[in-house]
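Asks: Here's my sequence, what's the structure:
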Amino acid sequence: MAIKTILVIEDDRFIGEMYVRSLQKAEFDVTWVVSGVDGINAARAKKFDLILLDLMLPEKRGTEVLAALRADNPPTITHVIVLTNFDQDDKSRAALQADADAYLIKADITPRRLIEIIGQIDK
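Replies: Numbers count the residues shown, from 1 in each chain. Take a look at the predicted model:
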């Protein structure tokens, strides 16, 4: 199954706009929301192939969003990439990595590299 639709849950306007522009240029259908609650609602309202999930969000943190969507029966989401600049302790990072397809530090990832990673998940 090819990844075509992506939900970006990111509250930083600059980063969100950069992801949306880059993903649209790569011909993905992108929806962008800026809060955890809006992210849950959007993911439950439409089937997305992938969610790019920030951890530090208003209203609900990314970890809460991920837990809520994974708890749906059947789970609302299939593929998730966690993107953060928030430094996690090893135990928290390991738990997130187990429940996501990738765990990336925003400062280390260019839009081009993000698209490459999405392509690897697609296989």
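
Asks: which one's the longest helix in the protein?
Replies: helix 13-25 (DSSP state H).

Asks: Could you check the angle the very next helix or strand once past that one makes with helix 13-25?
Replies: Later in the chain than helix 13-25, the nearest helix or strand by DSSP states H and E is strand 29-33. Interaxial angle, strand 29-33 versus helix 13-25 (axes from the mean of the first three to the mean of the last three C-alpha atoms, to 10 degrees): 170 degrees.

Asks: Quick check: buried residues in strand 29-33?
Replies: 30-33 (16 or more other C-beta atoms under 10 Å). To be clear about C-beta, it is placed using only N, CA and C from the backbone, and glycine gets the same treatment.

Asks: Pull up the pairing partners for that strand, direction included.
Replies: strand 5-9 (parallel) (DSSP bridges).

Asks: Only alpha carbons, please: show the partner strand as CSV.
Replies: Below are the C-alpha coordinates for strand 5-9, written out as CSV (Å, rounded to 0.1, in the frame of the first residue of the first chain):
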residue,chain,number,x,y,z
THR,A,5,-2.5,10.8,2.7
ILE,A,6,-0.6,12.3,5.6
LEU,A,7,-1.9,14.0,8.8
VAL,A,8,0.6,16.4,10.2
ILE,A,9,0.0,17.2,13.9
